[in-house]
Every structure is written in structure tokens, then in C-alpha cells.
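# got a sequence here, can you build the structure:
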Amino acid sequence: MAPVTHAGTGPILVVADDLTGANATAAGLSRARLRAVTVTDPDHPEVVAEFAGLFDAVVVSANNRHVEAATAAEQVRRVLRSGWSATLVANRIDSTLRGNVGATTEALVDELARLSGERVVALCVPAHPDAHRQTVGGVQLLAGNRLEDTEVARDARQPMTRSDVAGILATQTALPVAAIGMDRVVGSAERLVAGLTTAVAGGARIVVADALTVDHVERIAAAAAAVPDVRWLCVDPGPATVAMARAQGLGRERAAAPYLLVSGSATDLTRRQLARVRAARGVVPVRPLLDEDGGVDVDGTARRLAEALAERAADVVMLASVLEEGDLVEGPARGRIPAGLARATRRALEESRVSGLFATGGDVAAACLAELGADGLDVADEVVPLAVGGTLVGGPWSGLPVVTKGGLVGDDDTTLACLDFLARAADAARRHVPAATSRIR
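Residues are numbered from 1 along each chain as shown. The predicted structure follows:
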């Protein structure tokens, strides 16, 4: 089931009813490999807007659980406007349904529809299975008990005397509600999509779904992402928002930029290392085009390399002068190959993004760093003796994770180890966010 795309192009935007819930939701999004930040003061829209340009997910603590319903509704509208345009919007609610659940949901449904120009329906999945909150038959349970039979019935500020989710919503909103029962959730994916589609077609503006387990939550999100012509507003304590992010390809399932491996080494060891990489990883090999003198045809090679990087058909794109013994170039042209490979690499990187660069062969490694305009290498570690990893310092690709290795360094598995190092470094670089200048004074 392919995810549905929407008009928003910005980050995930979550409006949370309190700070602890905001932090927990941000942590879930972070585990989904999204750079997530919590904003503790919703009354500074400029901060929300700034963070929306820096992070993958912005979770704003509105701290509105116990304010007047009208005040909470207006506040979440302001937050949404501040963080627009958002790819996915969520209303993070209390898992025991205390607070302004109905009022904030209605406000966000209306405001999101106005901003996006799309049909907006709230997908309310109040279950938080890992915290022992479940929804069965539209009834919210805490460790298997109805809310009115638990200590939240004696809450000092808002005692919960009922546990039917639709009824709780109806105390603050008149939006039509439809239910997706457990029989649909545990049935086939097609039947679950059909149930959600029917609910939307029937005019529901809020769909409440049962869930007992994390798998149920993920099934609901995946099915919702496959429903055409609707933008969902997630209404949940956090897990369904994370599941929807993944279902829409915004988390770990999102295609990452490939790693670029450039080899100018002709040694037998290097050929064995490259063969091991091709056997163990998804690799698109790119053979350099040669000019009439036997040197690298930079223009043609750069085009071929850029196309391979742009297609993202594999984890690794390998530009190698020698993959087999028959690829060896003899004569004066052999000495010009490292510079040609480096120049083609630079031109390809001007068009396509990579997650990291691995260069093997001393000459090609030096040529690549020079072509990329780096002032130096911020060395992080020695992956194996004489194979060094770090990040570029200076130039247009400053901060790019890089590993350099000599052609006669290591054993057959060394290049695989270097790519593993690059993956860890790239993940750390991805999670780094430039310092934000707070405008609060």
C-alpha cells in the first residue's frame, strides 16, 4: 500500500497537551530516526517557525489540559499556523482522555483543512499499549479497567467518570464520529482500508479505532495512509503519530542517500575487498568512462555517476577504476586516473547528495579531498590501522562523513568495516542540528 502524499512540505508538527507527553512523543519520533525537538512555550510562534526549518519533527507543549476549552482551541490553531506548512499534524492527547480532547481536535481539523485545502479527518487512536492503555469497543481501558474504575476517576482537576471515547469527544465537539472495531483492526489489511474509506465517505470527521497492541496501532496507521483523498490528523498519546510517520515514509523507511565508494587502487587486495562489498551489500557499480588517451572521461563519468546516485537504487554506489584484472590501465594514463575520478566525483556531488564518502587508494583519497575543497579532515577514529574516519572541514561539503584507506590496507572485510563506520557517522551527522537562535528575550 503506497503512502498518500499531501500538500505540506515541512516537518511533522505535534501539539501536545503537556510537557511530559510532548517529550515522550518526541522520543518516539527520535527512535524513528527523525530529528525531534520539544518547544516549551507555545506563545512564541517565531520559535516554532524557526524550529520547523531545522528539525524533522517539532512537538509543542501547549500545556492546555486544564484551561478553558475555547482558550485551548485558539491556542492550537495558533501553533498550527506557526508551524505550517507541515507534512503530518498531530494532536497529542492524554492517554486517559483528560483535558480538552474534543475542543482541540475540532480546532485542528478545521484549521488544517483551511490551510491545506484538503479533506481532513481526525484519526483518534487513544491506545498506548506499552503504557497499558487499550481501546476495545470504543472504550478506553487503563490496565484492563474502565477509566471510571481506576484512580483517574478521583483526579483532583478532572475526574473521569466515563470511558467511552466517542462520548468523551462529544462533550466538546459535534463533529461526526465513526468507529473502527477490533474485528476490522485484526482482519485483512484490505478490509481495514475499506472500513476507514467507508467511514470517511460516510461523512465522519473523527474516526476512533480500537487497539490492544503496538502491532494494532501500526496496522491502523498503515491502512490510513493508504486511504485516498484524505489528510489525517493524528489524535493520540504518541504511538499512532509515530506509526503514521513511518507509514508515510517519514521515519526509518524513508529512502536515505547512498554512500559513495571511490576506488583508484589496482591492488589485488582492493579487488577482493570490493568483491566482498558487492556480495554483502546492495551496490550499483559505476565504471569510469575512458578518453582516447586512456585517462578518465570526466564529463561522461560524472554524468554516469550522478545518474546512479540520483536513482538511489542501492545503499552503495561504487566508482572503481579496477574491479577485475582486465580493467588495469597501463602506461602514463594510469597516473592520471586518481585526479580524473576525483574530478568526476566532485561534479556528481554538485548534483546529488550522499550520506558519506569512502575513498580507497592514497592518491584518489588525497585528490578527492582536494577536489571537494576541504581544508582538512576532522579525524574521529582509526577504523583499522591506516584506515581513518572523520568529517570534512571547510568547503562546500564541510561535515560530510569520510573514510580514507590505502590500497594495501586491511583484509578482505576491511572495506565493509569502513562502510559500517560511515553509517554510524552519517547517522550522527543527520541528527546534528545547527544551533538555533532563540528569539525569546
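# Provide the secondary structure category for the closest residue to residue 313 other than its chain neighbours.
If the residues on either side of it in the chain are set aside, residue 313 comes closest to residue 284, at 5.6 Å by CB to CB, 6 or more residues apart in numbering. (Glycine included, C-beta is placed from N, CA and C.) Here residue 284 is recorded as strand under DSSP: H, G, I helix; E, B strand; the rest coil.
# now do stretch 306-318: distance to the chain's middle.
In terms of CA atoms, centre = their mean, to the nearest Å, the centre of stretch 306-318 is set 20 Å apart from its chain centre.
# from residue 277, how far off is the residue nearest to residue 313?
To residue 277, residue 284 is 12 Å away according to CB to CB, to the nearest Å.
# so what sits against both of those two?
Common contacts of residue 284 and residue 277, defined by CB atoms under 8 Å, 6 or more residues apart in numbering, comprise 316, 318.
# higher neighbour count, these two?
Taking other CB atoms under 10 Å, residue 284 and residue 277 do not tie; residue 277 has more neighbours (24 against 19).
# buried residues in the longest strand anywhere in the chain, which are they?
The strand that spans the most residues within the chain, counting by DSSP state E, is strand 376-384. By neighbour count on 16 or more other CB atoms under 10 Å, the buried set for strand 376-384 is 377, 380, 383.
# strands paired with the following helix or strand past that strand, and their directions?
For strand 376-384, the following helix or strand on the C-terminal side (DSSP states H and E) is strand 387-393. Paired neighbours of strand 387-393 in the sheet (DSSP bridges): strand 376-384 (antiparallel), strand 401-405 (antiparallel).
# so can I have CSV of those showing distance to residue 54 and mean pLDDT?
Converted to CSV, the strands paired with strand 387-393 look like this (distance: least, CB to CB, whole Å; pLDDT from 0 to 100):
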stretch, distance to residue 54, mean pLDDT
strand 376-384, 22, 93
strand 401-405, 20, 96
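# give the bridge partners for residue 290, please.
With DSSP bridges as the rule, residue 290 is bridged to residue 296.
# quick one: pLDDT of it?
With respect to pLDDT, residue 290 has a value of 88.
# and for it, the neighbour number?
Neighbour count for residue 290, taken as other CB under 10 Å: 17.
# hmm, it is touching residue 298, no?
No: judged on CB atoms under 8 Å, residue 290 makes no contact with residue 298 at a distance of 10.7 Å.
# distance of the residue nearest to residue 313 from residue 307?
According to CB to CB, residue 284 and residue 307 sit 10 Å apart.
# over to residue 296?
Using CB to CB, we find residue 296 at a distance of 17 Å from residue 307.
# do the same with residue 182
To residue 307, residue 182 is 49 Å away according to CB to CB.
# in three-state terms, label the residue nearest to residue 157 when sequence neighbours are not counted for me.
Spatial nearest neighbour of residue 157, excluding adjacent residues (CB to CB, 6+ apart): residue 66 at 5.3 Å. Following three-state DSSP, the label given to residue 66 is coil.
# in contact with residue 311, which residues?
residue 284.
# related to what we said a few turns ago, I figured the residue nearest to residue 313 was touching residue 310, is that so?
No: checked against CB under 8 Å, the pair residue 284 and residue 310 is beyond contact range at 11.0 Å.
# of the strands paired with strand 387-393, which approaches residue 135 most closely?
strand 401-405 (43.3 Å; CB to CB).
# other SSEs contacting the helix or strand just after that closest one?
Counting by DSSP H and E, the element after strand 401-405 in chain order, helix or strand, is helix 414-431. Applying 3 or more CB pairs under 8 Å, 6 or more residues apart in numbering; DSSP states H and E, we find helix 414-431 packed against strand 259-263, helix 268-280, strand 356-360, strand 376-384, strand 387-393, strand 401-405.
# save these as CSV, and put in distance to residue 71 too.
Shown next, in CSV, are the helices and strands packed on helix 414-431 (distance: least, CB to CB, whole Å):
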stretch, distance to residue 71
strand 259-263, 50
helix 268-280, 58
strand 356-360, 48
strand 376-384, 49
strand 387-393, 47
strand 401-405, 47
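# of all these, which one is nearest residue 336?
strand 259-263 (15.2 Å).
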